[in-house]
Each structure stands twice: as C-alpha cells, then as structure tokens.
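In: how would this look folded up:
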Amino acid sequence: MRSIIGNLLYAGQRTNFALALPRLPAMRYLATVMMVTPNLIMDVDVAADHIGMSRRSFTRRFRIETELSFAQWRRALVTYCADVLFRDKESVSSIAHQLGYDSVSAFIAMYRRTRDRTLAAKELVG
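Out: Residues are numbered from 1 along each chain as shown. Purely as a prediction, here's the structure:
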C-alpha cells in the first residue's frame, strides 16, 4: 500500500487522482500520515485536536487548501486506494478490511455514495 501512496505526496498540488494536499505543514503531515496508512480511522475532531487546532479553524483551513471537506477528502483517498487494490485483484471484503472498515456493507455503501457505482461495476466499465 505504501508504494501506491508514495506517488501521491505533492504538497499544495493535485495528485494524479485530483486530490490536493494542504499546504499548512501540520495539516500536510496529517494528510501524509493518512495517505501512508489509509486504514487509520480519524474523524475531524481527532484530526484537529491532533495538530492543535480548533475544529472550526481546521475545517475552514482544510476546505480552503484542498477544496474538499476533511470527510470528503478522506473518502476520496479511501476510494482511490480501493480502486488500486481492486485492480490488483483483491476481493471487496479484503479491501474493506485493509482500509479500516469492520463492515463490508458499510464500505460498499460509502464507495457507492462517493463514486456513484460499486467496485464490481468499475470492472465492467473498465
């Protein structure tokens, strides 16, 4: 997984799947940690607290710098990782567990909400 994510670390720029990283060093570090360990479950309150910001300041700054909310950014990261793992012939249940989901159905629902299709449909489309 680390080799997949290693190509994505471009601070302040879009990655090859249109995911921007924050420029603020503490936020960029947090985003980098999440990219290297996409199974890390962290909500916005924990993330803000971890880097010593209020939730309001964190969410405002994160959206300004990435054009996405923290939750949207995290879902984009997880779905990108899922696409890569699926392309490597991993099963959907294996992908869900590798990305930190205890429930495969919760993972499938999140993926469908984010991408408007399932992983299996992606294989049919190409």
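In: Check which residues of stretch 42-49 are buried.
Out: Residues 42, 47-48 are the ones in stretch 42-49 that count as buried (16 or more other Cβ atoms under 10 Å). For the C-beta atoms, the positions are set from N, CA and C on the backbone; glycine is no exception.
In: do the same with stretch 57-65
Out: By 16+ other Cβ under 10 Å, the buried positions in stretch 57-65 come out as 58-59, 61-62, 65.
In: hang on, the earlier thing: ok, so of the buried residues of stretch 42-49, who is nearest residue 72?
Out: Set against residue 72, the nearest of the buried residues of stretch 42-49 by Cβ to Cβ is residue 47 (13.4 Å).
In: Find the residue at the geometric middle of this structure.
Out: residue 77 (2.2 Å; Cα atoms, centre = their mean).
In: How about residue 106, nearest residue that isn't a chain neighbour?
Out: What sits nearest to residue 106 in space, not counting adjacent residues and going by Cβ to Cβ, 6 or more residues apart in numbering, is residue 96, at 7.8 Å.
In: Run a quick neighbour tally on that neighbour.
Out: Residue 96 has 25 neighbouring residues, counting by other Cβ atoms under 10 Å.
In: neighbouring contacts of stretch 59-72?
Out: Residues outside stretch 59-72 that contact it (Cβ atoms under 8 Å, 6 or more residues apart in numbering) are 12, 19-24, 27, 44, 47-48, 53, 58, 73, 76.
In: Can you select the buried ones from those in ChimeraX?
Out: Command for ChimeraX that selects the buried part of those, burial taken from 16+ other Cβ under 10 Å:
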select :19,20,21,22,24,27,47,48,53,58,73,76
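In: Among the contacts of stretch 59-72, which ones are in strands?
Out: Judged by DSSP state E, the subset of the contacts of stretch 59-72 located in strands is empty.
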